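Novice: Fold the following, please.
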Amino acid sequence: MGDGPRRYSFHPLEKRGLLLGLDAAQLLTLTAGLAAALVVGDAVPGPGGVAVATCLLGAATCGALWPKGGRPLVTWFPSAAGWLTRRAHGPAISREPLGGGALKPAGLDLIELPAEPGQSPLGVIRDRRSGTWAAVMPVRGRSFSLLDPEQQIQRLDAWRTVLAALARPESRVKRVQWVERSAPYGGDRLGDGLRMPTACEQTGWRAQASYAELVAGVAPRTQTHEVWIALSVDASRGRLGHSRRPGEEVRRELRLLEGQLCHADLRPGPPLGLSRLQSVLAGLHRTRGPGSLIRRATPPWPMASDETWSAFRTDESWHATYWIAEWPRIEVTPDFLTPLLIGGGRRTVSVTMAAVPADRAMREVRSARTADLADSELRERAGFLPSARRVKEADGVTRRESELAEGHAEFRFSGYVTVSAPDKDGLDAASAEAEHAAQEAHVELRRLFGRQAEAFAWTLPLARGLA
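Specialist: Okay, here's the model as predicted:
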């Protein structure tokens, strides 16, 4: 390890298929293309039949194997079909104010649990699709990048303890999500309270003029940052039992999480009530001012929206959401995400995690090792050389098995980045800046074409974003 700062790396995203790394959609496309080529070649005599059969087979091969945006062409079909279906109903945007209703993600309800002794009312997100109840807690902490390497390692170890507590066998936590929102602070607010002296007040004139000049130069680059943790519990009767209610479980898990965060040298705030939760959600889909300053009367969901192939428009704002398709495969320091988190403009970074039970995790890793061995043997028989990526994938599986054997908990996780701007041109500039920041952070962003409306909800503190 040496005397330098501790470094970390991620194994490649595991891409296993049914045969030679090909998934079911690819195999079905190749099989259908081969069958169609045989039928046409047999039905149409002469060179014409051979040409048509060759074209069909070539098209099937391209659809199954040709990569586009990091994915084979055939895997784009569900996204394209879903987007075309939604567009067939027409855009949901209107130049006129809509009549009362707001557009919220399907299956969600915002409710408020009544206050209990010593506690305030609690805003809860009830997700009927996944059968969960979620609550949101704001969190603050010291600047991680400014800490010494030893202190950064201590913070990471403390966060690992928090995750281990959430993954305990009796835990009812289904998902945990952290959301970081950065937005311009506003130059007019930086100068609040600054009164320039009159001509008769010469004392302090130069100092205040110098400060005003400093504020004017720094304001365009000043950012405000807010962090929330969303915690969801499984509200199904089988998991909770007959004696417990979902609201009680949410409050219990929030109390445990708050204690763990305090031990991790973080400063959790009180869980959000319904009005504050609505204000936070409204601020995340608007670009007019910092999210924390949205009026309480503002509805939590956009009044109108329009989904294009590559962007999502809500009221007066434009958004583009990316999936973090690859995490750093080279060794990085603990603060590797800093370029994404402190970049300019309006940007939301979200990571959703779900604990995997120990027995299930061990079964999955053993199945993955068996699949790797069988695939390697089949490739060797077919004359394919092993690639460096597949070697790293196999090493990652071995490392997972070793960590599970040592008693570490395993989490599934997925990260997303949403950039926002008040207009389309601003969105293009903000997207280019986010992609550049991702390169500096050694992560690969992949724009979720055809799924922008759904993906945008994954960067809201709703504990969504995992299958």
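Novice: pLDDT below threshold where in the stretch 351-467 of the chain?
Specialist: Of all residues in the stretch 351-467 of the chain, none has pLDDT under 70.
Novice: Correction: the previous question concerned the stretch 1-150 of the chain.
Specialist: 1-5, 16-21, 89-103.
Novice: can you map out the helices along the stretch 1-150 of the chain?
Specialist: 24-43, 46-65, 77-88, 149-166 (DSSP state H, counting those that start in this stretch).
Novice: So what are the sheet partners of the helix or strand harbouring Val419 and their directions?
Specialist: Using DSSP states H and E, Val419 maps to strand 410-421. As defined by DSSP bridges, the strand partners of strand 410-421 come to strand 317-326 (antiparallel), strand 346-356 (antiparallel).
Novice: Could you list the buried residues of it?
Specialist: Glu410, Phe411, Phe413, Ser414, Gly415, Tyr416, Val417, Thr418, Val419, Ser420, Ala421 (16 or more other Cβ atoms under 10 Å). Every residue, glycine included, has its C-beta placed from N, CA and C.
Novice: And for stretch 168-182?
Specialist: Arg172, Val173, Lys174, Arg175, Val176, Gln177, Trp178, Val179, Glu180, Arg181, Ser182.
Novice: So which of the residues you listed are in helices?
Specialist: Per DSSP state H, helices hold no members of the buried residues of stretch 168-182.
Novice: now these as TSV including pLDDT and distance to Thr54?
Specialist: Formatted as TSV, the buried residues of stretch 168-182 follow (pLDDT from 0 to 100; distance: Cβ to Cβ, whole Å):
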residue	pLDDT	distance to Thr54
Arg172	89	58
Val173	93	55
Lys174	94	51
Arg175	95	49
Val176	96	53
Gln177	97	50
Trp178	96	53
Val179	97	51
Glu180	95	52
Arg181	94	54
Ser182	90	53
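Novice: Between the residues you listed, which sits nearest Val227?
Specialist: Closest approach to Val227 among the buried residues of stretch 168-182 (Cβ to Cβ): Glu180, at 5.1 Å.
Novice: okay but the closest one is in contact with Thr224, surely?
Specialist: No. Using Cβ atoms under 8 Å, Glu180 and Thr224 do not qualify as a contacting pair, with a distance of 11.3 Å.
Novice: who does Ile324 bridge with?
Specialist: With DSSP bridges as the criterion, Ile324 is bridged to Leu445.
Novice: any idea how far Glu435 is from it?
Specialist: 12 Å (Cβ to Cβ, to the nearest Å).
Novice: Looking at those two now, which is surrounded by more residues?
Specialist: Higher neighbour count among Ile324 and Glu435: Ile324, with 22 against 15, using other Cβ atoms under 10 Å.
Novice: give the contact list for that one.
Specialist: By Cβ atoms under 8 Å, 6 or more residues apart in numbering, the contact list for Ile324 reads Ser414, Gly415, Tyr416, Val417, Ala438, Val443, Glu444, Leu445, Arg446.
Novice: at 10 Å what do you get?
Specialist: 13, 337, 340, 349-351, 413-417, 438, 441, 443-446 (Cβ atoms under 10 Å, 6 or more residues apart in numbering).
Novice: partners of the helix or strand Ala230 falls within, with directions?
Specialist: Using DSSP H and E, the element containing Ala230 is strand 223-234. Using DSSP bridges, the strands paired with strand 223-234 are strand 132-140 (antiparallel), strand 173-184 (antiparallel).
Novice: can you tell me which of the ones you listed comes nearest to Leu404?
Specialist: Minimum separation from Leu404 across these (Cβ to Cβ) falls at strand 173-184, 19.3 Å.
Novice: Can you get me the centre-to-centre distance for the closest one and its chain?
Specialist: From the chain centre to the centre of strand 173-184 is a distance of 8 Å (Cα atoms, centre = their mean, to the nearest Å).
Novice: And stretch 373-390, by the same measure?
Specialist: For stretch 373-390, the distance to the chain centre is 33 Å (Cα atoms, centre = their mean).
Novice: Figure out which of the strands paired with strand 410-421 is closest to Leu385.
Specialist: Closest among the strands paired with strand 410-421, using Cβ to Cβ: strand 317-326, at 22.5 Å.
Novice: returning to what we had before: could you dump the helices of the stretch 1-150 of the chain into a markdown table with mean neighbour count and distance to Asp234 added?
Specialist: Shown next, in a markdown table, are those (neighbours: other Cβ atoms under 10 Å; distance: least, Cβ to Cβ, whole Å):
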| stretch | mean neighbour count | distance to Asp234 |
| --- | --- | --- |
| helix 24-43 | 16 | 29 |
| helix 46-65 | 15 | 38 |
| helix 77-88 | 13 | 28 |
| helix 149-166 | 15 | 13 |
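Novice: So which of those is nearest Asp359?
Specialist: helix 149-166 (16.6 Å).
Novice: Show me what that closest one is packed against.
Specialist: For helix 149-166, the elements it packs on are strand 173-184, helix 246-263, strand 346-356, strand 410-421, judged by 3 or more Cβ pairs under 10 Å, 6 or more residues apart in numbering; DSSP states H and E.
Novice: could you redo the last one with a cut-off of 7 Å?
Specialist: Judged by 3 or more Cβ pairs under 7 Å, 6 or more residues apart in numbering; DSSP states H and E, helix 149-166 is in contact with helix 246-263.
Novice: Check which residues of the helix it packs on are buried.
Specialist: Applying 16+ other Cβ under 10 Å to helix 246-263 flags Pro246, Gly247, Glu249, Val250, Arg251, Glu253, Leu254, Leu256, Leu257, Glu258, Gln260, Leu261 as buried.
Novice: same deal with stretch 390-404?
Specialist: Arg390, Glu393, Ala394, Gly396, Val397, Arg400, Glu401, Leu404.
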